[in-house]
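> Based on what follows, work out the 3D shape:
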Amino acid sequence: MIDFMIRVLIAKPGLDGHDRGAKVVARGLRDAGFEVIYTGLHQTPEMVVAAAIQEDVDVIGLSILSGAHLPLVTAIQKLLKEKQEDRPIFVGGIIPDEDAKSLSSQGVAAVFGPGSSLKEIADKVKSLSGKA
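Just a heads-up that it's a prediction; the model follows:
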């Protein structure tokens, strides 16, 4: 259990309608002591960024299973930069290794695939928050 509140946004950008993994991660982080805001399905990049700013989150988690991870993450990063907001992003989903490398090279802090443990995700989010 953590001693201070780390706020995490879990978002489902794009047209992907599968949110079981996002809900599992959201619940796991909540059970580990994080404050989690889950946006629900079919969020636009603008909606994700607006929610992150409004909720003053420390970290943004994106769950993307549609295959559109590169354009969606790029759009979210661009909007954050335009608004002069610096929030670390982690991404979960079925993401090919080459795309994971591309996401990492453009500043995504972590990419989690199937089989990633909740402890691994929680530990990474804690380190990304700057409150560790």
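
> From the chain's centroid, how far away is stretch 80-97?
7 Å (C-alpha atoms, centre = their mean, to the nearest Å).

> Quick check: buried residues in it?
80, 87, 88, 89, 90, 91, 92, 93, 95 (16 or more other C-beta atoms under 10 Å). C-beta here means a position set from N, CA and C on the backbone, and glycine is covered the same way.

> Also stretch 24-34?
25, 26, 28, 29, 32, 34.

> and the fourth one, that's in a helix?
So that's residue 29. Yes. When DSSP: H, G, I helix; E, B strand; the rest coil is applied, residue 29 is found to be in a helix.

> ok, it touching residue 122?
Yes. If you go by C-beta atoms under 8 Å, residue 29 and residue 122 touch, sitting 5.9 Å apart.

> What is the neighbour count of residue 8?
A count of neighbours around residue 8, defined by other C-beta atoms under 10 Å, yields 27.

> what lines up beside the helix or strand where it lies in the sheet?
Assigned by DSSP states H and E, residue 8 belongs to strand 7-11. Strand pairing for strand 7-11, determined by DSSP bridges: strand 35-38 (parallel), strand 59-63 (parallel).

> okay if I get the ones you listed as JSON lines plus mean pLDDT?
JSON lines is the format used below for the strands paired with strand 7-11 (pLDDT from 0 to 100):
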{"stretch": "strand 35-38", "mean pLDDT": "98"}
{"stretch": "strand 59-63", "mean pLDDT": "98"}
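
> What are the boundaries of the helices in this protein?
20-31, 45-54, 69-82, 97-105, 118-128 (DSSP state H).

> So residue 74 sits against residue 106, correct?
Yes. Counting by C-beta under 8 Å, residue 74 touches residue 106, with 6.9 Å between them.

> Can you give me the first-to-last residue distance of stretch 105-124?
17 Å (C-alpha to C-alpha, to the nearest Å).

> Go through it and flag the buried ones.
Quick answer for stretch 105-124 (16+ other C-beta under 10 Å): 108, 109, 110, 111, 112, 121, 122, 124.

> could you dump those to TSV with distance to residue 52 and pLDDT?
Listed next are those as TSV, based on distance: C-beta to C-beta, whole Å; pLDDT from 0 to 100:
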residue	distance to residue 52	pLDDT
108	15	98
109	14	98
110	17	98
111	19	98
112	18	98
121	18	98
122	19	97
124	17	97
